[in-house]
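Novice: kindly return the folded structure for what I paste below:
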Amino acid sequence: MKGIIKEFKEFAVRGNVIDMAVGVIIGAAFGKIATSLTNDVIMPPISMLLGSGKFEGLTWVLRPELEGKPAVILNLGTFITTVMDFVIVAFVIFMLVKQINRLKAKPPTQMPPSPTTKECPRCISTIPLKASRCPNCTSDI
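Specialist: Model (predicted):
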């Protein structure tokens, strides 16, 4: 039993799990903002243009109520509102991920090491860069 508790503690305290939990909580809160934006700001002008009082009330009756059987209705306004919520949330998440990826520290590009040797012009042997005389042919460089 102690082993399971220890494993669970290690799992729960890892940075990735905590980061994911924070992301889920913030995502849920942002979902509420997107729903309010859709329902309270975007859809009222659209419903006004369509001439209906409330966009969520936009329905299509497939079969009216007959002989005690309930009506079959497609709630198009509610569906379109939900799709708009999704598009707004997906777009904002896309933009956030794009910015985070842009801001991530890029690995430093390694510069080629500066040369420490050079070739002797007379005997073509490799000599130290600071040498003023070739140790092989003894010529001045």
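Novice: CA atoms for contacts and neighbours, from now on please.
Specialist: Noted.
Novice: biggest helix in this structure by residues?
Specialist: Ordering each helix of the chain by length in residues (DSSP state H) puts helix 76-103 first.
Novice: distance from the chain centre to that helix, please.
Specialist: Distance, stretch centre to chain centre, for helix 76-103: 11 Å (C-alpha atoms, centre = their mean, to the nearest Å).
Novice: helices and strands around that helix, which ones?
Specialist: Other elements packing on helix 76-103 under the criterion 3 or more C-alpha pairs under 8 Å, 6 or more residues apart in numbering; DSSP states H and E are helix 15-36.
Novice: I'd like the next helix or strand past the helix it packs on.
Specialist: Downstream of helix 15-36, the first helix or strand assigned by DSSP states H and E is helix 43-50.
Novice: any idea how far that following helix is from the chain center?
Specialist: The answer for helix 43-50 is 32 Å, by C-alpha atoms, centre = their mean.
Novice: so which elements touch the helix or strand just after that helix?
Specialist: As assigned by DSSP H and E, the chain's next helix or strand after helix 43-50 is strand 60-63. Packing partners of strand 60-63 (3+ C-alpha pairs under 8 Å, 6+ apart): strand 72-74.
Novice: could you dump stretch 57-74 to PDB, C-alpha only?
Specialist: Presented in PDB, the C-alpha positions along stretch 57-74 are these (Å, rounded to 0.1, in the frame of the first residue of the first chain):
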ATOM      1  CA  GLY A  57     -34.900  29.400 -31.200                       C
ATOM      2  CA  LEU A  58     -34.100  28.700 -34.800                       C
ATOM      3  CA  THR A  59     -35.600  25.200 -35.300                       C
ATOM      4  CA  TRP A  60     -36.800  23.000 -38.100                       C
ATOM      5  CA  VAL A  61     -39.800  20.800 -37.400                       C
ATOM      6  CA  LEU A  62     -39.400  17.500 -39.100                       C
ATOM      7  CA  ARG A  63     -42.600  16.000 -37.800                       C
ATOM      8  CA  PRO A  64     -45.200  17.900 -35.800                       C
ATOM      9  CA  GLU A  65     -46.800  16.400 -32.700                       C
ATOM     10  CA  LEU A  66     -49.300  13.800 -33.900                       C
ATOM     11  CA  GLU A  67     -51.700  11.600 -31.800                       C
ATOM     12  CA  GLY A  68     -49.700  11.900 -28.600                       C
ATOM     13  CA  LYS A  69     -46.300  11.300 -30.300                       C
ATOM     14  CA  PRO A  70     -43.800  14.100 -29.600                       C
ATOM     15  CA  ALA A  71     -42.700  16.400 -32.400                       C
ATOM     16  CA  VAL A  72     -39.300  15.800 -34.000                       C
ATOM     17  CA  ILE A  73     -37.400  19.000 -34.100                       C
ATOM     18  CA  LEU A  74     -33.900  20.000 -35.300                       C
END
